[in-house]
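Asker: Got a predicted structure here, sequence first:
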Amino acid sequence: MMRSKVLSLVPRATGVCRHMSTATKLTTVAVDDKTGIATLTMNRPPVNGLNLDLLRDLNQSIGEVEGNKSRGLILTSSNPTIFSAGLDILEMYKPDKDRIREFWTALQDVWLALYGSSVPTAAAINGHSPAGGCLLATSCEYRVMLPKFTIGLNETKLGIVAPKWFMSSFLSVLPRREAERALNQGRMFTTEEALSIGLIDEVAISKEQALDKCAQFIGTFAKVNPLARSLTKQQLRAVELQQLENERAQDLERFLFFVNQPSVQKGLGIYLESLKKKAKN
Ligand SMILES: CC/C=C\C/C=C\C/C=C\CCC/C=C/C(=O)SCCNC(=O)CCNC(=O)[C@H](O)C(C)(C)COP(=O)(O)OP(=O)(O)OC[C@H]1O[C@@H](n2cnc3c(N)ncnc32)[C@H](O)[C@@H]1OP(=O)(O)O
């Protein structure tokens, strides 16, 4: 039986209330009583764009899963065709100067929490997964994707640069040569291409099957000592995690400097327009 809990959206003590969302549920956590596995579902229409509110919710939900003795975490989306469209470009285009700092800090928090999670993690990628969506998926230990969608780090195509820690997640999954080429090209892979290159681990024909396959992956740790497993994972990921921990402030300043460049703002504006035009047609 599923014990489902919808998270409350109480602002964190350090948060700025003005920017918090309303009663909209942006993530839900459901723990399967039988398996003890938590499914964390993103639910921010129309495309699960990672804005400040969704990032804060994600962080809170990952924290909850860490705290509630779940045996694993499956990340997925309530949208039938989009896992996540990546960072909400509206947060970066003509940004409010305080909010954009909170936004990037929240993104750092989510990556540190997910990539560094002590429980086994898997992504059921039930839709397109560009850029920040790919970051979330590659921060997990296992990926199952549905056919006919795309995944990748397309930043260079947008005239922006994936930060080092985006690259770390990518490099933890792909051979360096493949990762380098894909990053430089800003390449989006189809499900079939992603499978053949190793960017995803399995293909499923439905979301239900993807969730099952993710649960099976998490089940492979059933007979492994949980503390030994979690310390092993954390040691394997320690260098990348520590690097961002040590450089958080510089990483934020680098991002702010880069994103505020007139040429970058211009590019983001053009890209947003093209997305809107496409949506209308
Ligand atoms: C020297 C430098 C050193 C270090 C670097 C330092 C700093 C680096 C600086 C920046 C790094 C930033 C890293 C960025 C990461 C990102 O994630 S950027 C976001 C990238 N995402 C995308 O490119 C995806 C764009 N979207 C799509 O391709 C499609 O929307 C979709 C395939 C996801 C879904 O397609 P459809 O179902 O057809 O939906 P629509 O296209 O019609 O979209 C509906 C609606 O949503 C809006 N929208 C889509 N994506 C976004 C988005 N990412 N942000 C904001 N809004 C988005 C779209 O405009 C439509 O809106 P409406 O017209 O309905 O209002």
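Answerer: Okay, I see it.
Asker: Find the nearest non-adjacent residue to R181, please.
Answerer: Excluding the flanking residues, the one nearest R181 by Cβ to Cβ, 6 or more residues apart in numbering is R187, at 7.4 Å. C-beta here means a position set from N, CA and C on the backbone, and glycine is covered the same way.
Asker: which residues touch the one you found?
Answerer: G152, N154, R181 (Cβ atoms under 8 Å, 6 or more residues apart in numbering).
Asker: need the contact list for R237.
Answerer: By Cβ under 8 Å, 6+ apart, the contact list for R237 reads Y115, G116, S172.
Asker: Take these and lay them out in TSV including distance to the ligand and pLDDT.
Answerer: Listed next are the contacts of R237 as TSV, based on distance: Cβ to the nearest ligand atom, whole Å; pLDDT from 0 to 100:
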residue	distance to the ligand	pLDDT
Y115	16	98
G116	20	97
S172	18	96
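Asker: Quick check, central residue of this structure?
Answerer: By Cα atoms, centre = their mean, the chain has its centre lying nearest to L136, at 2.1 Å.
Asker: the bottom helix or strand of the chain by mean pLDDT?
Answerer: Scoring the helices and strands of the chain by mean pLDDT, DSSP states H and E places strand 2-6 at the bottom, with a mean of 40.
Asker: which regions of this protein sit below the pLDDT cut-off?
Answerer: For the chain, the stretches flagged by pLDDT under 70 are 1-24.
Asker: what kind of secondary structure is P95 in?
Answerer: Secondary structure assignment for P95 (DSSP: H, G, I helix; E, B strand; the rest coil): coil.
Asker: That one: what's its closest spatial neighbour, skipping adjacent residues?
Answerer: Residue nearest to P95 in three dimensions, not counting chain neighbours: V259, with 7.1 Å by Cβ to Cβ, 6+ apart.
Asker: Which residue ranges of the stretch 51-200 of the chain form strands?
Answerer: Here the stretch 51-200 of the chain has its strands, by DSSP state E, counting those that start in this stretch, at 72-77, 121-125, 129-130, 142-145, 150-152, 188-190.
Asker: Quick one: closest of these to the ligand.
Answerer: Distance to the ligand, taken as Cβ to the nearest ligand atom, is lowest for strand 129-130 among these, at 4.2 Å.
Asker: Quick one: list the elements packing against the closest one.
Answerer: For strand 129-130, the packing partners by 3 or more Cβ pairs under 8 Å, 6 or more residues apart in numbering; DSSP states H and E come out as strand 150-152.
Asker: how far out from the middle of the chain is the strand it packs on?
Answerer: Its chain's average C-alpha position is 13 Å from that of strand 150-152, according to Cα atoms, centre = their mean, to the nearest Å.
Asker: Same question for stretch 91-106.
Answerer: Using Cα atoms, centre = their mean, the offset of stretch 91-106 from its chain centre is 18 Å.
Asker: Now it: buried residues?
Answerer: The neighbour-count check on stretch 91-106 (16 or more other Cβ atoms under 10 Å) flags E91, M92, Y93, P95, I100, E102, F103, W104, T105, A106 as buried.
Asker: Ok, stretch 261-278 next?
Answerer: V264, L268, Y271.
Asker: Please flag which of these sit within helices.
Answerer: Counted as lying in helices by DSSP state H, out of these, are V264, L268, Y271.
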